[in-house]
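In: Predicted structure and sequence below. I'll ask about it afterward.
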Amino acid sequence: MKQVSFKLCRLRQGHNFKIDYTMKQGSLIGLVSLTLVSLLTIDLEKKSIFNDKVEILLPKEFEIMSEEMMAVKYPNGRRPTLVYTDKTGGINVAFNHTANKITSDQFESYKESLVSMFKNLYPSAEWKGTGIKEINGRKVGYIELITPAVDTKIYNLMFFTDLDGRLLLCTFNCVEKKQADWAESAQQIMNSLTVK
C-alpha cells in the first residue's frame, strides 16, 4: 500500500483542507483523514485605556466584560481592573493595575516569582517561554504557558510593566483549541503595548 497526501489550499473562506488517502493497486480504497485548518483573520484596533496612559491593540469585536460576567468568571473577588472579551466570554484580554509598587529593575525577580508560582500551582503546565524584552521603549516581562483546567487546557500569555510606579499585569487567555487561531494575535497585542 502506498500513502499519498494532497493539500488543497485556500478552498473557500480561507480554510485549508488536507486529504490523505491510501492507494492499492492503483485504486482508491479509503479516505483516511480530512483535516480542516482555520486561517482566521483577527482585526485588531488601537485602544486607549487607564485614562489614556496606555495604548494597546485589541480585537475589534471585543467589548468590556460586564460586572455580571466578571462576578462569574472571577468569583473569588480578585478581579482584574478591566477585561475585554469576545461574545462568549471565552477569549479575554485582562488588565490589572495593582497596588504593588515596582520598578523595571525588579522585573526579572517578579518574572521568576510568577514562574515559580505557576510551576507550583500547575506542575503539568506546558511552558512556551518567559523573558524580559523592550517594547516601544519600555521593559516588559512575560510568561507564556498552557495550564490545565477542569475540562480543557488554557493558553495564557501574561505580560507586565509599570504604570505610575505600580505593577500593570496584562493577560491574554483562550482555550487551547483556539490557540492556533489566536497565538499570533496575542503576540501582536503584547508587542503593541505603549505606556505614555
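Out: That came through, no problem.

In: alpha carbons only for contacts and neighbour counts from here, please
Out: Will do.

In: Could you export the top helix by length along the chain as CSV, CA atoms only?
Out: With DSSP state H setting the assignment, residue counts place helix 107-121 as the longest helix in the chain. Output of helix 107-121 as CSV, limited to C-alpha atoms (Å, rounded to 0.1, in the frame of the first residue of the first chain):
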residue,chain,number,x,y,z
PHE,A,107,11.1,42.9,36.6
GLU,A,108,13.4,39.9,36.5
SER,A,109,12.7,38.8,40.1
TYR,A,110,9.0,39.4,39.6
LYS,A,111,9.0,37.2,36.5
GLU,A,112,10.9,34.5,38.4
SER,A,113,8.3,34.6,41.2
LEU,A,114,5.5,34.3,38.6
VAL,A,115,7.2,31.3,37.0
SER,A,116,7.7,29.7,40.4
MET,A,117,4.1,30.3,41.4
PHE,A,118,2.7,28.8,38.2
LYS,A,119,5.0,25.8,38.5
ASN,A,120,3.7,25.2,42.0
LEU,A,121,0.1,25.7,41.0
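
In: Report the mean confidence score over it.
Out: When the per-residue pLDDT values of helix 107-121 are averaged, the result is 96.

In: Distance from it to the middle of the chain?
Out: Remark: helix 107-121 is offset 18 Å from the chain centroid, using Cα atoms, centre = their mean, to the nearest Å.
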